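Student: Got a sequence here, can you build the structure:
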Amino acid sequence: MTPTDKTVVVTGGANGIGRQVVLEAIRRGARVAAVDIRPDDLAETERLAEDRARIATFVCDVTDRDAVAALPAQITERLGPADMVIHVAGIIQPFVKLADLDYPTIDRVVRVNLYGTIHVVKAFLPHLLDRPEGWVAAVSSMGGYLPVPGQAVYGATKAAVKLLTEALYAELLDTPVGVSVIMPGAVATEITAHSGVEAPRVEGRRTPRTTSPEEAARIIWDGIRARRLHIYVGSDAKLMGRLQRLAPRRSIHLIQRQMRDLLG
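Tutor: Numbers count the residues shown, from 1 in each chain. This is a model prediction of the structure:
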């Protein structure tokens with residue numbers, strides 16, 4: 001499915017992968033509703049759009065179920081009914097072990113990543129089912145299938161998003177709505193800062209290779225065009241996905257060695 005002449009909803013559209021998904025959709029001829037909690041960053045996304053007549057911004061907290069439920073009518077009024085929903089909004093946790101993670105932080109990560117996904121899908125799915133053709137995609141993570149020490153709760157929520165989206169795919173097989181689950185590896189975004197998290201650093205440690213947000217957006221849209229259920233973003237996501245399926249214990253030991261110094 002392509003976004004051309006479609007109304008596309010993108011959460012997390014104010015920065016990072018979400019912003020580039022918005023801009024790439026506009027380049028491909030879509031009308032885009034960019035949704036985020038940060039109005040100033042949303043305004044910057046709008047400024048960067050090639051065709052500003054094709055973008056409308058909506059300030060919304062995905063953890064607020066009532067606010068999310070009101071979005072479909074608001075978007076329909078400005079852009080027409082939604083044809084596609086790309087749910088990107090999410091946060092990470094501090095880089096600490098589960099034993100050291102406080103409950104307010106755990107609750108916040110679960111509310112944003114898991115309940116935010118449920119709120120968005122539940123709000124838009126009835127409307128998508130009324131369209132001639134629809135699509136829903138949700139961003140999970142490489143951390144949703146590869147257990148990363150220091151990101152246990154984040155990974156658990158992203159694993160839940162992966163399984164939730166796969167189950168949605170099964171439920172919608174006999175409908176005109178397609179489904180993708182997106183699993184980025186390391187992407188050069190500011191997710192740590194936007195999550196209120198300090199990125200760990202170790203002297204002398206090489207910076208890992210990352211995928212640019214622009215390339216991530218192209219991979220996502222190409223994957224949706226190809227009607228893929230699983231969209232892996234970055235060579236690391238593809239490689240670790242294969243290793244996790246073939247040798248799961250080995251992959252866990254590998255990521256543990258990489259994270260050991262960061263966790264002290």
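Student: Now the nearest residue to residue 108 once chain neighbours are set aside: which helix or strand?
Tutor: Of all residues not flanking residue 108 in the chain, residue 91 sits nearest, at 7.3 Å (C-beta to C-beta, 6 or more residues apart in numbering). All C-beta atoms are positioned from the backbone trio N, CA, C, and that covers glycine. Under DSSP states H and E, no helix or strand contains residue 91.
Student: Please apply the same query to residue 154.
Tutor: Per DSSP H and E, residue 154 falls inside helix 152-171.
Student: if we look at that helix, which residues are touching it?
Tutor: The contact list for helix 152-171 (C-beta atoms under 8 Å, 6 or more residues apart in numbering) reads 90-93, 97-98, 101, 105-106, 109-110, 113-114, 117-118, 121, 136-141, 143-148, 179-181, 183, 229.
Student: Quick one: the strands in the chain, in order.
Tutor: Ranges of strands in the chain, per DSSP state E, are 7-11, 31-36, 55-59, 84-87, 134-139, 177-184, 230-233.
Student: Columns mean pLDDT and distance to residue 215 on top of those strands, output as a markdown table?
Tutor: Below are the strands of the chain laid out as a markdown table (pLDDT from 0 to 100; distance: least, C-beta to C-beta, whole Å):
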| stretch | mean pLDDT | distance to residue 215 |
| --- | --- | --- |
| strand 7-11 | 98 | 17 |
| strand 31-36 | 98 | 19 |
| strand 55-59 | 98 | 21 |
| strand 84-87 | 98 | 16 |
| strand 134-139 | 98 | 15 |
| strand 177-184 | 98 | 11 |
| strand 230-233 | 97 | 8 |
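Student: And those strands: which comes nearest residue 255?
Tutor: Each of the strands of the chain has some distance to residue 255 by C-beta to C-beta; the shortest is strand 177-184, at 14.8 Å.
Student: how long is stretch 170-179 end to end?
Tutor: One end of stretch 170-179 to the other measures 9 Å (C-alpha to C-alpha, to the nearest Å).
Student: Residue 14 contacts residue 38, correct?
Tutor: Yes. Proximity of residue 14 to residue 38 meets the contact threshold set by C-beta atoms under 8 Å, at 4.6 Å.
Student: Pick out whichever of the two has more residues nearby.
Tutor: Between residue 14 and residue 38, residue 14 has the larger neighbour count (other C-beta atoms under 10 Å), namely 27 against 15.
Student: OK, contacts around the more buried one?
Tutor: 34, 36-38, 41-42, 44-45.
Student: again with residue 72
Tutor: Here residue 72 is in contact with 81-82, 123-124, 127 (criterion: C-beta under 8 Å, 6+ apart).
Student: what's the pLDDT at residue 206?
Tutor: Note on residue 206: pLDDT of 57.
Student: correction: residue 249
Tutor: pLDDT, residue 249: 88.
Student: can you check residue 194 too?
Tutor: Reported pLDDT at residue 194 in the predicted model: 66.
Student: now this protein, which segments are flagged as low pLDDT?
Tutor: Along the chain, segments meeting pLDDT under 70 span 191-195, 197-208, 262, 264.
Student: Could I get the full set of helices for the protein?
Tutor: Taking DSSP state H as the test, the helices found in the chain are 16-27, 39-48, 65-79, 103-110, 116-128, 152-171, 191-194, 213-225, 235-246, 248-260.
Student: Make CSV from those helices and add distance to residue 6 to it.
Tutor: Formatted as CSV, the helices of the chain follow (distance: least, C-beta to C-beta, whole Å):
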stretch, distance to residue 6
helix 16-27, 8
helix 39-48, 18
helix 65-79, 10
helix 103-110, 31
helix 116-128, 11
helix 152-171, 19
helix 191-194, 27
helix 213-225, 11
helix 235-246, 26
helix 248-260, 37
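Student: Please consider this matter closed, and thank you.
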